[in-house]
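Colleague: Here is a sequence together with a model predicted from it:
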Amino acid sequence: MATITTPPATLQPCEHARRGRALRSSPPRAWRRKRCQATIRAAATGSGRHLETTLAASSAAGGEEGDVIRRLQNGPDVRGVALEGEKGRPVDLTPLAVEVIGESFGEWLREKGLGEGEGEQQQRQLRVSVGRDPRLSGSRLSAVLFAGLARAGCAVFDMGLATTPACFMSTILPRFDYDASIMMTASHLPYTRNGLKFFTKRGGLTSAEVEAICDRAAGKYVAKKMGLGGGGGMPPVVMRVDLMSAYAQHLRDIIKERVAHPTHYDTPLKGFKVIVNAGNGCGGFFTWDVLEKLGADTTGSLHLEPDGTFPNHMPNPEDATAMSLTRGAVLAHGADLGVVFDTDVDRSGVVDDAGAAINGDRLIALISAIVLAEHPGTTVVTDARAGDGLTRFVEARGGRHCLYRVGYRNVIDKGVQLNADGVETHVMMETTGHGALKENHFLDDGAYMVVKIIIEMVRMRLAGIEGGVGSLIKDLEEPAESVLFRMDIVGEPKDAKQRGVQAVETFKKYIEEGKLNGWELDDCGDCSVDQGCLVDNNDQPIDVDAYMYRAKFHDESQKRLGWVHIRQSVHNPNIALNMQSCIPGGCKSMATSLFDGFLLTSGVNEFLDISQVQNFVE
């Protein structure tokens, strides 16, 4: 692979790089064989549109071999095992898999017309950027990803260690303005995993789009496994670019402009102490290139150096260890704020000056309070695991709360859809920490969310308001109980998705047919969403990528005890069962009703491991 530096798109090295603390990459369906072989052989020897057509045909006929690629799809992303070390999970995100997916993405971009020139409509070379987190498999898989993109006719720009939001911003920021971008990451998953996230200028790809790319890649994969389909040739030419410096400057400029400090405009964070816990992921840049350059004291920050083994804890704002360590650092150093990022910085959580963890519903409430002050009456979209207390919090401030499907892409796409339908929607957040704002290109950017909180923190001090940002959510009502169960789907992995749909749809059917006393499908009665807060009833419903429903439960006296959310996981072969109750003991009452009235009687226990629920009720 040839690597060159391109002056027009490359900025000066980051300040922390000159100080010797550079962000660095870590080291190292049944089918008829004869017919399929003939199809793939034709694909391998064809060219132009004939090649595309025959490869598509081989994808449709790819059977078990092709399903190796299709099973890598994880909603709007691709994820798999990239390194040995997981019991019962063989490596499936292989170099060949990544190469054919990269090539298929490049071809998909071309088919969407992104490479059309102006004037005589001549085709121009597509420009695609690639970033990665510090996982050990990143360097090796990046090389084959570059090769796949180049084979599809793309010019490749290597950003090295980067964040997922920065990858999207590389399609927007001046001096870059790429046609598309790929981030190589598996977010909070173990170091043995890796994956791909895809972007164009309009944002992240949908599940249906990624499915189409994986279908195309399945055909290429089968062809190459049979020694067909071409390959080889000259190594790709890859341009190295420093995107992260420009992205950090972008964040700094936002803080300076919106704070507009009356005495020190360029250092608005002077006098503030902020702790950052990057979890050895990609978030260290925020400390060096954003906070410190704006005057903040970041003494006591944790795990800033990238390390693909994640030796301290997984970078995850939902991780109890991450939040606890950050809380301790905030209290020990008398900090005004603590920040926890996930690996690729598309999610975040914070700790206030009193040491209170602000993630999940609390983080959504905090962002909602800030944005509702700026945009009165706006709608807030969340996944349907958000609590009733959050709904009351938003409504008390004049907002509207729309509950929708779990999945960050689902939540964001719902917000985009509502705005298109004339419903002003500025906040879209998932309880996992994914959060997007209309003002920021509908991009789930953990760093931008922290920027939003920091701006409010400074404004509060300038206005003489006592208390930290945690005071903005002091009236948020918390549930009395909240539990999560995982019911593994037993049997062949290839059957897991179908079994998951069966279990979730059986739950819905039991409620609709009155077989579960006291239960009814929940809905917020607004925003064109019903049937468990998860089904669009407008003219353009969003595609369902995973089946799930939310239902509320009333006891014999018609007193509401809480709700249950059941869904098939897009990450693993299991069913997730979330419960939340407004009274002590409510979760056990709901679990008992579900266990006796559904799990034992509907037949789903024949392929679901229900032991977690059973142990809870017994």
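Modeller: Sure thing, it's come through.
Colleague: From now on I want contacts and neighbour counts done on CA atoms only, so please keep to that.
Modeller: OK.
Colleague: Help me confirm that Trp288 is found in a helix?
Modeller: Yes: assessed with DSSP: H, G, I helix; E, B strand; the rest coil, Trp288 lies in a helix.
Colleague: Quick check: the gap between it and Phe616.
Modeller: Using Cα to Cα, to the nearest Å, Trp288 is found at 46 Å from Phe616.
Colleague: Look at these two and report which has more neighbours.
Modeller: Trp288 (21 against 13; other Cα atoms under 10 Å).
Colleague: Show me where the stretch 351-500 of the chain has its helices.
Modeller: 361-374, 388-396, 408-420, 446-462, 496-512 (DSSP state H, counting those that start in this stretch).
Colleague: Test my guess that Gly532 contacts Ile511.
Modeller: No: shown here, Gly532 and Ile511 do not form a contact pair, counting by Cα atoms under 8 Å, at 10.8 Å.
Colleague: Which one's more surrounded, these two?
Modeller: Higher neighbour count among Gly532 and Ile511: Gly532, with 22 against 17, using other Cα under 10 Å.
Colleague: if we can go back for a sec, turn the helices of the stretch 351-500 of the chain into JSON lines, columns for distance to Asp352 and mean pLDDT.
Modeller: Output for those, formatted as JSON lines (distance: least, Cα to Cα, whole Å; pLDDT from 0 to 100):
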{"stretch": "helix 361-374", "distance to Asp352": "11", "mean pLDDT": "98"}
{"stretch": "helix 388-396", "distance to Asp352": "19", "mean pLDDT": "95"}
{"stretch": "helix 408-420", "distance to Asp352": "25", "mean pLDDT": "92"}
{"stretch": "helix 446-462", "distance to Asp352": "10", "mean pLDDT": "98"}
{"stretch": "helix 496-512", "distance to Asp352": "38", "mean pLDDT": "93"}
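Colleague: Quick one: closest of these to Lys270.
Modeller: Closest approach to Lys270 among the helices of the stretch 351-500 of the chain (Cα to Cα): helix 446-462, 9.8 Å.
Colleague: for this protein, where's the lowest mean pLDDT among helices and strands?
Modeller: Taking mean pLDDT, DSSP states H and E as the measure, the chain has helix 15-18 as its least confident helix or strand, at a mean of 34.
Colleague: Which neighbours do Gly532 and Ile511 have in common?
Modeller: Leu521 (Cα atoms under 8 Å, 6 or more residues apart in numbering).
Colleague: tell me the domain ranges of this protein?
Modeller: For the chain, automatic domain parsing gives the domain ranges 39-240, 244-473, 481-617.
Colleague: State which helix of this structure is the longest.
Modeller: As assigned by DSSP state H, the longest helix anywhere in the chain is helix 207-225.
Colleague: could you point out where the chain is predicted with low confidence?
Modeller: Counting by pLDDT under 70, the chain contains low-confidence ranges at 1-63, 115-123, 229-234, 525-527.
Colleague: most centrally placed residue in it?
Modeller: Tyr408 (5.7 Å; Cα atoms, centre = their mean).
Colleague: And it, how far from Thr432?
Modeller: On the measure of Cα to Cα, Tyr408 and Thr432 end up 9 Å apart.
Colleague: Could you do Arg252 as well?
Modeller: With Cα to Cα as the criterion, Arg252 and Thr432 are 26 Å apart.
Colleague: now swap in Leu173 and tell me
Modeller: Taken as Cα to Cα, the span from Leu173 to Thr432 is 28 Å.
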